[in-house]
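S.K.: pasting the sequence and the predicted coordinates here, then a few questions.
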Amino acid sequence: MGRAVLPLGRVDPRAYIRTAFESGAIEAETCRRLILEWALRLPQDVQPTEAARVLLAEYHGHDAHPMYQLLLKVLADPVAPAQAAQSEEPPQHKDP
């Protein structure tokens with residue numbers, strides 16, 4: 001017997017992922033912040049990898065979108081949302 005597919009409302013309860021895809025030209029940095037918020041707000045009984053699988057199927061064909069790329073990372077590594085949010089170091093301030 002195959003596993004049940006989770007409904008979109010369970011895998012993106014605050015519509016962070018949907019908003020990213022509907023926003024058109026969205027920057028990768030914004031997607032990183034959104035995916036972290038998404039991961040933090042998933043229901044406790046929903047695994048990030050399973051949610052990512054459902055979302056990747058929903059947004060199939062948007063392979064070049066930065067959110068799609070982040071969801072692929074989540075599928076490969078469930079710790080990826082936290083890593084993605086920290087993937088770029090903040091700019092270093094230099095004293096004049």
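M.R.: Thanks, I have the structure now.
S.K.: so what's the one residue sitting closest to the centre of the chain scoring on pLDDT?
M.R.: Residue closest to the mean C-alpha point of the chain, counted by Cα atoms, centre = their mean, is residue 35 at 3.7 Å. In this model, residue 35 is scored at 91, pLDDT.
S.K.: hang on, it packs against residue 70?
M.R.: Yes. Residue 35 is within contact range of residue 70, at 4.8 Å (criterion: Cβ atoms under 8 Å). C-beta: built from backbone N, CA, C; applies to glycine.
S.K.: where along this protein do the helices fall?
M.R.: Secondary structure of the chain (DSSP state H): helices at 8-11, 16-22, 28-40, 48-58, 66-76, 80-85.
S.K.: what's the span of stretch 8-19, first residue to last?
M.R.: End-to-end span of stretch 8-19 (Cα to Cα, to the nearest Å): 13 Å.
S.K.: what comes into contact with that stretch?
M.R.: With Cβ atoms under 8 Å, 6 or more residues apart in numbering as the test, stretch 8-19 has contacts from 34-35, 37-38, 41-43, 46, 50-51, 54-55, 58-59, 67, 71.
S.K.: re the thing from before, which one of the helices of the chain has the lowest average pLDDT?
M.R.: helix 80-85 (a mean of 55).
S.K.: okay then, goodbye and thanks.
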